[in-house]
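**Student:** Below: sequence and its predicted model.
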Amino acid sequence: MTKKIGIIVGSLRENSFNRMIAETIPELEPSVEYELISLAELPLYNGDLDRGDGPESVRLFREAIKRADGIIIVSPEYNSGIPGVLKNALDWASTPTKTAVLRRKPAGIVGATPGVKGTILSQQQIRQTLEATQAYVLPFQKMYISQVMDKVDAQRRILTDETTRSYLQRYVQQFIHWIDQVPSLD
Ligand code: FNR
C-alpha cells in the first residue's frame, strides 16, 4: 500500500518560507501520499481540556498523525529554539502517554531560515521533544536550509534552488526508507 506522510509546518504565517518548503516536498518525491496537518486551530495545551478525545481540533490533529506512516516537521527557529505553536502541538500529540499518536511514529525534521545557521538550535529542541514522546526521529541525516529567501520563488511558493531541492529530495527518500526500518508498536 502507498505510504502516507503527514507534514506539519511550525509556522502559522501564510507566506511562511517553511510552508513553501513543505509544499515543495510532494513534487520532489511523488512516490508516497502526503497530508498537510494543520496546527492552526489547536488551543493552548490545558490538562483540563485533555479528557476523552479532547477538543475537536485536537481529535482531528491526533487522527491525522495516527493515519500517517510517518511525519515530517518543517519549522522555523524562534529565539534559538522551537516555535511555541509547534511545541504546543507536539504536547497535544504526546498524550495520553500510553496511546499517544507520536509514540513509535517515525519523524523527520526540516527547517528553513533567512539566517545563516539553518535552524540548528530549533531542530535540536524539536528532536528532544520528539524523543520525549518516544517518536523515532531519523538519525544522522539533517536538513538545514539557510538564507532561504534566495532559494525560493515566493510568487510560485516553491523551492527553486537546485542544490537544496536535491538535498531535500534525498532527505525525504531516506526518511521513507527509515519508516520501514523502525520496529512497530506491537
Ligand atoms: C525569528 N527568526 C529567527 N531566525 C533564526 O534563524 N533564528 C532565530 O533564533 C530567530 N528568532 C526569531 C524569533 C521570532 C519571534 C521571529 C518572529 C523570527 C526569523 C525567522 O527565521 C523568520 O521570520 C522566518 O521567516 C520564519 O519562518 P517562516 O514563517 O517564514 O516559515
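**Tutor:** Alright, I've got the coordinates.

**Student:** Spatially central, which residue of this structure would that be?
**Tutor:** For the chain, the residue sitting closest to the mean C-alpha position, by CA atoms, centre = their mean, is Ile73 at 1.1 Å.

**Student:** where's that residue relative to Thr163, distance?
**Tutor:** Computed as CB to CB, to the nearest Å, the Ile73 to Thr163 distance reads 22 Å. Quick note: C-beta positions are derived from backbone N, CA and C, even for glycine.

**Student:** helices and strands around the one helix or strand Ala22 maps to, which ones?
**Tutor:** Element membership of Ala22 [criterion: DSSP states H and E] is helix 17-28. The contact analysis (3 or more CB pairs under 8 Å, 6 or more residues apart in numbering; DSSP states H and E) places helix 17-28 against strand 4-9, strand 33-37, strand 70-74, strand 106-112, strand 152-153, strand 158-159, helix 162-179.

**Student:** Quick check: buried residues in it?
**Tutor:** If you call a residue buried by 16 or more other CB atoms under 10 Å, then helix 17-28 has these buried ones: 17-26, 28.

**Student:** Output that helix in CSV, but only the C-alpha positions, please.
**Tutor:** Backbone C-alpha positions of helix 17-28 (Å, rounded to 0.1, in the frame of the first residue of the first chain) are rendered in CSV as follows:
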residue,chain,number,x,y,z
PHE,A,17,9.1,30.1,3.9
ASN,A,18,8.8,26.8,5.8
ARG,A,19,5.3,26.3,4.3
MET,A,20,6.8,26.8,0.8
ILE,A,21,9.4,24.2,1.5
ALA,A,22,6.7,21.8,2.8
GLU,A,23,4.6,22.4,-0.3
THR,A,24,7.6,21.5,-2.5
ILE,A,25,8.1,18.1,-0.9
PRO,A,26,5.3,16.2,-2.7
GLU,A,27,6.7,17.4,-6.1
LEU,A,28,10.2,16.3,-5.2
